[in-house]
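**Q** Using only what follows, build the 3D model:
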Amino acid sequence: MAVDLSRAEAELQQEESALHTELSKLATVSAQLTARLSVARQWVQQAAAAGVADGELSGRLETTQVPPVHADGAFQRARAAREAALQARRETNALVKQQLAALKAQLTKVAQQFLADEQALATKAKEPRAGLPAPAPPARAPGSAVNATVTAQPSPIAALPPPQAAGKPPAAPQSQRVQQRVKMQAAVDFGSDNNFFSGFSGNISDGGLFVATVKHLAIGTQIDLSFSLPSGERIQAQGVVRWVREVNDKDPDSMPGLGVQFTRLDETAQAAIERFVASREPMFYVE
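**A** Below you'll find the predicted structure:
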């Protein structure tokens with residue numbers, strides 16, 4: 001839905017730009033005709049003063065009116081509506097940020113309580129029940145290996161790893177991965193599938209860029225990222241692949257691609273990105 005809205009806004013912006021160009025041309029023609037009409041009326045007045053009068057021509061020139069053309073005024077209503085919409089979106093974003101902070105605090109509290117409960121349950125499981133003898137170790141055949149019992153330590157909900165996709169081998173530990181830096185290029189505008197993303201903080205430097213692509217890169221891949229903005233600014237950044245969106249036949253509108261989190265972004269690039277996201281909201285993603 002948000003993608004469709006962004007595309008519609010981009011198409012309207014292009015149409016408005018074309019219409020404004022045509023109106024500007026007509027405004028120039030209107031100004032030229034007004035100047036020529038003024039000169040023609042002066043000629044008629046000078047001819048009449050010299051005794052050469054043309055009543056029909058004089059009357060026609062006096063009644064001729066050149067319609068005024070105001071290129072900017074034609075879009076005044078739309079501009080006012082756009083400014084009101086931007087203000088409404090700013091207010092909505094501020095409200096959603098407050099809601100996100102409250103939800104994050106609530107979820108953190110639940111996770112901490114759940115962790116404490118898990119630890120309490122693990123402790124209770126180790127305690128012998130009153131009035132019952134401690135359980136004897138299981139009998140084993142002579143020469144067989146001793147079965148070691150390991151008690152799993154509970155982990156906070158926020159630290160649980162994502163489920164492994166079916167058919168894929170488990171990812172190798174970070175220390176075993178061969179770190180390769182991949183070069184990627186992208187363009188970001190008001191209607192592209194590429195878009196910035198951020199998390200709870202809302203700070204774009206803590207987020208990154210979603211690159212719409214069918215190229216598969218493993219999570220953890222280091223990226224040299226180069227992309228352009230509608231303003232013409234070219235941004236150079238470094239990042240790492242944090243999440244992957246696979247092709248989904250059940251959701252054809254969901255563009256596959258990579259979530260590249262920024263690991264190096266200078267202040268000039270960050271300021272340019274923040275100016276852009278003031279007009280196009282970033283995606284929300286949190287690990």
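**Q** from the middle of its chain, how far away would the one helix or strand A84 maps to be?
**A** In this assignment (DSSP states H and E), A84 forms part of helix 76-126. Offset of helix 76-126 from its chain centre (CA atoms, centre = their mean, to the nearest Å): 18 Å.
**Q** Quick check: what element follows that helix along the chain?
**A** strand 181-187.
**Q** tell me the average confidence for the helix or strand that comes right after that next one?
**A** From strand 181-187 onward toward the C-terminus, using DSSP H and E, the following helix or strand is strand 195-198. Here strand 195-198 scores 89 as its mean pLDDT.
**Q** for stretch 85-97, same thing?
**A** pLDDT averaged over stretch 85-97 gives 86.
**Q** Quick check: T123 vs E16, distance?
**A** As defined by CB to CB, to the nearest Å, T123 lies at a distance of 67 Å from E16. Heads up, the C-betas are built off the backbone N, CA and C, glycines and all.
**Q** In terms of neighbours, single out the busier of the two.
**A** E16 (15 against 9; other CB atoms under 10 Å).
**Q** from memory that one sits against R82, does it?
**A** No. Look at E16 against R82 with CB atoms under 8 Å: they stay out of range, at 9.8 Å.
**Q** circling back: does anything pack onto the helix holding A84? Which helices or strands?
**A** With contacts taken as 3 or more CB pairs under 8 Å, 6 or more residues apart in numbering; DSSP states H and E, helix 76-126 sits against no other helix or strand.
**Q** ok, now which ones touch the nearest residue to Y285 once chain neighbours are set aside?
**A** Nearest in space to Y285, with sequence neighbours left out and distances taken as CB to CB, 6 or more residues apart in numbering, is F197 at 4.5 Å. Going by CB atoms under 8 Å, 6 or more residues apart in numbering, F197 touches 207-210, 259, 282-285.
**Q** Distance from stretch 215-225 to the middle of the chain?
**A** Relative to the chain's own centre, stretch 215-225 is displaced by 19 Å; criterion: CA atoms, centre = their mean.
**Q** One more: stretch 232-242?
**A** For stretch 232-242, the distance to the chain centre is 14 Å (CA atoms, centre = their mean).
**Q** Kindly report the same for stretch 10-23.
**A** The chain centroid and the centroid of stretch 10-23 are separated by 24 Å, computed with CA atoms, centre = their mean.
**Q** again, but for stretch 36-47
**A** Taking CA atoms, centre = their mean, one finds stretch 36-47 lying 60 Å from the centre of the chain it belongs to.
**Q** got the buried residues for that stretch?
**A** Going by neighbour count (16 or more other CB atoms under 10 Å), the buried part of stretch 36-47 is V44.
**Q** Can you tell me what sits against that stretch?
**A** Here stretch 36-47 makes contact (CB under 8 Å, 6+ apart) with 53-54, 57-58, 61-62, 64, 66.
**Q** Of these, which belong to helices?
**A** Counting by DSSP state H, the contacts of stretch 36-47 place 57-58, 61-62 in helices.
**Q** Can you name the two of these that sit furthest apart?
**A** Distance extremes for the ones in helices among the contacts of stretch 36-47: the farthest pair is L57 and E62 at 9.6 Å, using CB to CB.
**Q** quick revisit: list just the nearest of the contacts of F197 to Q238.
**A** Q238 lies nearest to G208 out of those, by CB to CB, at 10.6 Å.
**Q** The closest one against F196, yeah?
**A** Yes. Counting by CB under 8 Å, F196 is a contact partner of G208 at 7.2 Å.
**Q** Looking at those two, which is more packed in?
**A** Using other CB under 10 Å as the criterion, G208 and F196 rank with G208 on top: 29 against 20.
**Q** Setting aside sequence neighbours, what's the nearest residue to that one?
**A** Of all residues not flanking G208 in the chain, Q261 sits nearest, at 3.9 Å (CB to CB, 6+ apart).
**Q** and that neighbour, what does it touch?
**A** Contacts of Q261 (CB under 8 Å, 6+ apart): 207-208, 239-242.
**Q** quick one: it is in a strand?
**A** Yes. Q261: assigned to a strand according to DSSP: H, G, I helix; E, B strand; the rest coil.
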